[in-house]
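> Predicted model follows, preceded by the sequence.
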Amino acid sequence: MRELFWRIPLGILAGLIGLFVFPTENIWILAPLIPLLSFLAVLGTTFWPAFLVGFISGQAFYISHIEWISLYLGPVPLIALSTTVSIYHALAAGFTAWLFNRIQFRPSQIVGYGLLLASIWTLREFAANNFPYGGFPWSRLAMTQSDSFMSHWVWWGGLSLLSFVIAFFGAVVSLIIYYKTFRFHALTIMALALVIVVPLLTPIGSTTTFLEEKTIAAVQGNAKAGLFSREAPGTILQNHIDASELVVASGQRIDLLVWPENASDLDPLRSPEARAKINQLTNQLDAPFVFGTITKRGEDTFNSTLLWLPETGPVDYYDKKQPVPFAEYAPDRDFWRMFAPELIDMIPKGYSFGTRDGIYEIEDYVAGTLICFEIAEDSILRELSTGGAELILSQTNNADFGYSDETFQQAAIARLRAIETGRSVVNISTVGLSAIYLPDGSVLSEIEWYTPAAMIEKVPLYSGLTPGVVVGSVFDWANASLLVGFTLLRVVRRKR
């Protein structure tokens, strides 16, 4: 157990680097140090010591860069979430140590061992991203690279491939240090070089087809639209109507008006007052209109966006498919209430899960929409791309998080999604960060935080699929299958 005196601090150091590599600090070049130090902290030990090191390292990793979760609900949700996802860190660390005790190291096979470690890391991210309650699709290594040329890897295979590549780079270096194998083989040099060369030579845009440009007006209302907002009914709606006057005053002919998530605190499907105001604005601009509101059908309440046409009214809607657990709904309420009754009681009955796609057919083009944290969900972006979306609308409400890292992190994910899908992404928030990202990752437009403002831009539309969408849809399952198959093979061979 003496070794834990250096293994635990090394694991903590690996976790704390998360504070510097994710936005806002955004020192993306340090990202490989996280897997590098994490692997060094557990290689050469056994399952349970590695499990402990991995759990503590995971806590340091998550708490260091998602402290924003505590802003409106206090430390309990942060600790509960970090503990849950740190269990995945612990299991992955324990499995890494266990498996490497069953492999005889050969310096000539260092690339293969690096691929194995990267596979374990990526499977751990995949598990944490999906289980339980839909998982926590955040904090992936890939999400540190939005400002880096390495971001081009997502064009090839999505965020999981980029995480795999960064983990592989760190894993190879950790193996070189651990085994003191400083004589580089040609294969090792070539593999590390490819990690850098491939994104530099990536032909972004070669598999999607430019169609045309549409003038999009995305409005930031600067509304106090937080989860527990106590504004008078109709205030948030009026904030966005007032901000939309900037679009009217511009005199530009627009093809689409977009408001963020929760932009109307009155449901125009049930409120005559809201319906009249939205009709007036839509008719005045003579343009289709997509905006977020809370809708109700029967006993179910939904976090929705509506497509509204001038002289027609609502013609389509999308309900959020993945409400955020313990924020927008309380899963297994009776069970969790035994541990944190005050917290659970703060969460109302919660939103129901949507079942419709986010595809809006608007006149002669197709837009795909998603809501807030769904930008981090792989499957939703792929469904929009394969469903024919030529433009992605990412409607979000960051009013609870202010100038915290959450808003920067979410915007960084939206930027990566533009590259991955080969689509322009309109990321519009109630308070900021609002921006329009092009398929090469560049910023077409951005507006100041906490100001009523509008982005009015000619936004390019695209069709076709990138490798990121096609390969990304199978990458995680293929990675899991290969890792399980390799492990079973090693166990059988060892028994023989």
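That came in fine, so what should we check first? Residues are numbered from 1 along each chain as shown.
> From residue 134, how far off is the residue most central in space within the chain?
Residue closest to the mean C-alpha point of the chain, counted by C-alpha atoms, centre = their mean, is residue 376 at 2.3 Å. For residue 376, the distance to residue 134 equals 11 Å [C-beta to C-beta, to the nearest Å]. Backbone N, C-alpha and C define where each C-beta goes, glycine included.
> go on, residue 395?
From residue 395 over to residue 134 (counting by C-beta to C-beta), the distance is 19 Å.
> neighbour-wise, which of those two wins?
residue 395 (29 against 17; other C-beta atoms under 10 Å).
> returning to that earlier point: tell me the contacts of the residue nearest to the centre of the chain?
Residues in contact with residue 376 (C-beta atoms under 8 Å, 6 or more residues apart in numbering) are 137-138, 143, 410, 413.
> Kindly list the main-chain dihedrals of the closest residue to it other than its chain neighbours?
Excluding its sequence neighbours, the residue lying closest to residue 376 (C-beta to C-beta, 6 or more residues apart in numbering) is residue 137, at 4.0 Å. In terms of degrees, to the nearest 10, the main-chain angles of residue 137 are phi -80, psi 60.
> distance of residue 137 from residue 47?
27 Å.
> For those two, work out which one has more neighbours and name it.
residue 137 (23 against 17).
> need the contact list for that one.
Contacts for residue 137 (C-beta under 8 Å, 6+ apart) come out as 129-130, 373, 376-378.
> which intervals of the chain have sub-threshold pLDDT?
For the chain, the stretches flagged by pLDDT under 70 are 72, 228, 348, 496.
> isn't residue 426 right next to residue 392, touching?
Yes: judged on C-beta atoms under 8 Å, residue 426 makes contact with residue 392 at a distance of 7.0 Å.
> picking that back up, mind checking how far the residue nearest to residue 376 is from residue 2?
38 Å.
> and stretch 448-468, which residues are buried?
449, 452-457, 459-464, 466-468 (16 or more other C-beta atoms under 10 Å).
> Please identify which helix or strand holds residue 350.
According to DSSP states H and E, residue 350 maps onto no helix or strand at all.
> neighbours around it, how many?
For residue 350, using other C-beta under 10 Å, the count is 18.
> Cross-check the contact I'm expecting between it and residue 326.
No: Residue 350 is beyond contact range of residue 326, at 9.5 Å (criterion: C-beta under 8 Å).
> list the buried ones in the longest helix along the chain?
Secondary structure of the chain per DSSP state H: the longest helix is helix 467-495. Judged by neighbour count using 16+ other C-beta under 10 Å, the buried positions of helix 467-495 are 467-473, 475-476, 479, 483, 486-487.
> Stretch 163-179 now?
Buried residues in stretch 163-179, counted by 16+ other C-beta under 10 Å: 163-176.
> again, but for stretch 362-371
Buried residues in stretch 362-371, counting neighbours by 16+ other C-beta under 10 Å, are found at 362, 365-371.
> Pull the residues that contact it.
By C-beta under 8 Å, 6+ apart, stretch 362-371 touches 211-212, 214, 255-256, 261, 288, 290, 292, 303, 305, 307, 318, 320, 358-360, 377, 380-381, 384-385, 387-396, 423, 461.
> Tell me the buried residues within these.
211, 214, 255-256, 261, 288, 290, 292, 303, 305, 307, 318, 320, 358-360, 377, 380-381, 384-385, 389-396, 423, 461.
> chain center to the helix or strand where residue 175 lies, what's the gap?
Element membership for residue 175, per DSSP H and E: helix 153-178. Chain-centre distance of helix 153-178: 18 Å, with C-alpha atoms, centre = their mean, to the nearest Å.
> which other helices and strands contact the very next helix or strand once past it?
Sequence order places helix 186-200 as the next helix or strand after helix 153-178, per DSSP H and E. Secondary-structure packing of helix 186-200 (3 or more C-beta pairs under 8 Å, 6 or more residues apart in numbering; DSSP states H and E): helix 110-130, helix 153-178.
> Report the buried residues of helix 186-200.
Those would be 188, 191-192, 195, 199, for helix 186-200 by 16+ other C-beta under 10 Å.
> So residue 42 sits against residue 53, correct?
Yes: because the distance of 5.6 Å satisfies C-beta under 8 Å, residue 42 is recorded as touching residue 53.
> shared neighbours of these two, which are they?
7, 11, 93.
> So which of the residues you listed is surrounded by the most neighbours?
That'd be residue 93 among the shared contacts of residue 42 and residue 53, by other C-beta under 10 Å, with 31 neighbours.
> Ramachandran coordinates for residue 213?
Per degrees, to the nearest 10, the backbone of residue 213 is at phi -110, psi 140.
> burial of it, as a residue count?
13.
> what do you get for the one 3 residues further on?
If you count neighbours by other C-beta under 10 Å, residue 216 ends up with 27.
> The one 4 residues further on now?
The number of residues packed around residue 220, counting by other C-beta under 10 Å, is 28.
> Kindly report the same for residue 46.
What residue 46 shows, counting by other C-beta under 10 Å, is a neighbour count of 12.
> How about residue 132?
Neighbours of residue 132 (other C-beta under 10 Å): 10.
> gap between it and residue 37?
28 Å.
> For the closest residue to residue 300 other than its chain neighbours, give me its contacts.
Nearest residue to residue 300, sequence neighbours excluded (C-beta to C-beta, 6+ apart): residue 352, at 4.0 Å. Applying C-beta under 8 Å, 6+ apart, we find residue 352 in contact with 300-302, 319, 323.
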